[in-house]
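> I would like the atomic coordinates for the input below:
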Amino acid sequence: MKVQLTLLLLLTGNLLFSQNETVNQNSAGKMLVSDTKLTIGGYAQMDYNQPLNNETRKNGLLDVTRMVMLFGYKFNERTNFITEIEFEHVNEVYVEQAFLNYKINNWLNFRGGLMLIPMGLINEYHEPTTFNGVNRPMVDTKIIPTTWRELGAGFAGSFNDISLKYQAYVVNGFNGYNGTAQVNGNDAFRKARQKGIKSYISSPNFTAKVEFYGISKLNIGVSAYIGNTQSTLYNNVARDNAALLSKADSSVLNMNMTAIDAKYTHKGLQLRGQFTYTTIGNTEAYNTFAKNAGTNKGIGKAMAGYYLEAGYNVFQLTRIENSELIPFIRYEKYNTQHQTDRVTLKNDTYNNSLIAAGLGWKITPGAILKADIEFTRNQATEKYSKTLNLGIGIHF
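Numbering: from 1, shown residues only. Model (predicted):
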C-alpha cells in the first residue's frame with residue numbers, strides 16, 4: 001500500500017498555496033455557531049440503482065435511502081445540544097447524533113453523548129450534497145463503517161492562529177460478540193456498530209482527529225481509532241475465574257485504525273483522496289472461537305483501502321451563479337482481508353476495485369441531482385460488474 005499512500009501525499013504536496021482558509025464545518029458544526037436559539041435542518045437522499053447485465057435481466061432498486069432531521073438548541077453562549085434523527089429506508093428510525101457541547105473557549109469544548117467518530121472524509125460530512133456520486137465511497141462504507149457513531153465524551157476545538165482543528169473522545173467500542181460474532185471478513189466492523197442502542201461496554205476505546213487548514217483551499221486530516229471490541233462474555237464473570245476470562249478474551253479483537261485524507265478546491269477544480277489502514281489483533285483466537293460457534297466468516301489481520309477523486313464545476317466557466325455542474329471520476333481500492341492469520345483462508349472476493357464516473361447538478365446549494373455508473377470488480381473475477389445510479393439529494 002506504499003504506492004497508494006505516496007499518491008495521496010503527492011495529491012496534498014503538489015497543491016501548496018499560502019494563505020489561511022476557514023475551517024470546514026459539517027451540519028452539527030454550523031449549528032454550534034448559529035446565533036438562533038433553535039436551529040432546524042435536515043437532509044434527504046432518494047436513489048435508483050439499476051444493475052446492468054447483458055446476459056441476465058435484473059430488477060432495479062428504488063429507495064428513500066434516508067431522511068434526516070437535525071435540531072440544535074442553544075441554552076446560552078456556551079452550551080448547545082445537537083441531535084440528528086434519521087429515517088432509513090422509510091421503516092427504520094435511528095438517532096444519529098445527540099450530544100451536549102460546552103464551550104470553555106475556542107480551543108477547548110467539552111462534548112458528551114452520541115457522537116460521530118471523527119474518521120476519514122465522509123463519516124462527518126455524509127450529507128448527499130457534500131460528496132460526488134449517488135453512493136458514498138465504498139472505503140467509507142466497508143473499511144470505515146459510515147455512518148459510525150458511538151456514545152462517549154471528550155474535547156474538541158480549533159487553534160485558528162495555527163489553522164488547526166482537533167477532536168479527541170473516549171467512546172464505547174464495537175459489539176464484537178454478544179452470543180454471535182459480529183465482525184467478519186465480508187462486512188468487517190459494519191454490523192458491529194452499537195449506535196447508542198442499549199450499548200454495552202467492557203473496555204473503553206479512544207478516537208481522535210487533527211485537521212490542518214492553513215494552506216489555501218486545502219484541508220488535510222489525520223485520524224485514529226484505538227481500542228478493543230466489546231464482549232458480553234465479561235459480564236458477571238468473577239475476576240479470579242481464569243477459565244471464563246480466557247474464553248471472554250478470545251471473543252475480543254484489538255484494533256488500530258488510521259486514516260489520512262485531503263480535500264482541495266480551487267475555482268472549479270475539486271480533488272480529494274483518502275487512505276485508510278486498520279491493524280487487527282487477536283484474530284486467530286477470535287476466528288477460532290467464532291468458527292467453533294458457527295458464527296464467523298473470517299476477519300483479517302489488516303484491512304486497507306484508498307480512493308482518489310477528481311471533479312470540475314463546468315459552470316465556473318460561465319456566468320451561472322449559485323449552481324454547479326460537476327462531472328467527476330473516482331477510483332477506489334479496498335480489501336477487508338489485506339492480511340490474514342494462520343486459521344483464516346483468504347477470500348479474493350473481499351479484495352475489490354471500483355471506478356465511479358458521473359455527473360452532479362447542484363440546482364441550488366441545497367439540492368442536487370446525481371447520475372453515475374459504477375464499475376466494480378473483485379480479485380476472484382476478471383469482469384467488472386456495472387450499476388447505473390440516479391439520485392436526488394437535499395440538504396438544508
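> make it CA atoms for all contacts and neighbour counts henceforth
Fine.
> and stretch 188-204, end to end?
20 Å (C-alpha to C-alpha, to the nearest Å).
> any buried residues in it, and which?
Buried positions in stretch 188-204, judged by neighbour count with 16 or more other C-alpha atoms under 10 Å: 188, 189, 190, 192, 193, 194, 195, 196, 200, 201, 202.
> list phi and psi for the second one.
Torsion angles at residue 189 (phi, psi; degrees, to the nearest 10) stand at phi -100, psi 0.
> and the fifth one, by the same measure?
Phi and psi for residue 193, reported as degrees, to the nearest 10, are phi -60, psi 130.
> how about it, nearest residue that isn't a chain neighbour?
residue 174 (5.3 Å; C-alpha to C-alpha, 6 or more residues apart in numbering).
> cool, and the fourth one?
Closest residue to residue 192 apart from its sequence neighbours, by C-alpha to C-alpha, 6+ apart: residue 175 at 4.8 Å.
> hang on, the earlier thing: nearest to residue 314 among the buried residues of stretch 188-204?
residue 190 (36.5 Å; C-alpha to C-alpha).
> show me the contacts for the closest one.
The contact partners of residue 190, taken as C-alpha atoms under 8 Å, 6 or more residues apart in numbering, are 141, 142, 144, 145, 183.
> let's see 10 Å
By C-alpha atoms under 10 Å, 6 or more residues apart in numbering, the residues touching residue 190 are 141-148, 174-175, 182-184.
> then residue 107?
Residue 107 sits in contact with 155, 156, 157, 158, 159, 160, 164, 165, 166, where contact means C-alpha under 10 Å, 6+ apart.
> quick check: what element follows the helix or strand harbouring the first one along the chain?
I take that to be residue 155. Assigned by DSSP states H and E, residue 155 falls within strand 149-159. Downstream of strand 149-159, the next assigned helix or strand under DSSP H and E is strand 164-171.
> what is that next one packed up against?
strand 108-116, strand 149-159, strand 205-215, strand 218-228 (3 or more C-alpha pairs under 10 Å, 6 or more residues apart in numbering; DSSP states H and E).
> that strand: which residues count as buried?
164, 165, 166, 167, 168, 169, 170, 171.
> could you check the pLDDT of residue 6?
Looking at residue 6, its pLDDT reads 44.
> swap in residue 158?
96.
> ok, now which ones touch it?
Residue 158 touches 23, 105-109, 164-167, 210-212, counting by C-alpha under 10 Å, 6+ apart.
> go again with 7 Å.
106, 107, 164, 165, 166 (C-alpha atoms under 7 Å, 6 or more residues apart in numbering).
> just flag the most distant two among the contacts of residue 190.
Top of the distance list for these (C-alpha to C-alpha): 147 and 184, 18.3 Å.
> these two: which is more packed in?
Using other C-alpha atoms under 10 Å, the more surrounded residue of residue 147 and residue 184 is residue 184, with 22 against 18.
> next one: phi and psi at the closest residue to the more buried one other than its chain neighbours?
Nearest residue to residue 184, sequence neighbours excluded (C-alpha to C-alpha, 6+ apart): residue 299, at 4.6 Å. Taking degrees, to the nearest 10, you get phi -90, psi 140 for the backbone angles of residue 299.
> roughly how far does residue 299 sit from residue 338?
For residue 299, the distance to residue 338 - C-alpha to C-alpha - is 10 Å.
> okay, the two: which has more neighbours?
Using other C-alpha under 10 Å as the criterion, residue 299 and residue 338 rank with residue 299 on top: 29 against 22.
> quick one: contacts for that one?
183, 184, 185, 188, 283, 287, 337.
> so which of those residues sit within helices?
Within the contacts of residue 299, residues falling in helices by DSSP state H are 283, 287.
> top of the contacts of residue 299 by neighbour count?
Neighbour counts for the contacts of residue 299 peak at residue 183, which has 29 neighbours (criterion: other C-alpha under 10 Å).
> give me the number of residues near residue 68?
21.
> so which strand or helix has it?
Using DSSP H and E, residue 68 falls in strand 61-74.
> could I have the next helix or strand after that strand exported to CSV, CA atoms only?
Once the chain leaves strand 61-74, the next helix or strand it forms, by DSSP H and E, is strand 79-88. Only the C-alpha atoms of strand 79-88 are listed here, as CSV (Å, rounded to 0.1, in the frame of the first residue of the first chain):
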residue,chain,number,x,y,z
THR,A,79,-24.0,25.5,26.0
ASN,A,80,-25.6,23.7,23.0
PHE,A,81,-27.4,20.5,22.3
ILE,A,82,-27.3,18.9,18.9
THR,A,83,-29.3,16.0,17.7
GLU,A,84,-29.9,14.2,14.4
ILE,A,85,-32.8,11.8,13.8
GLU,A,86,-32.6,9.5,10.8
PHE,A,87,-35.3,7.6,9.0
GLU,A,88,-33.6,4.9,6.8
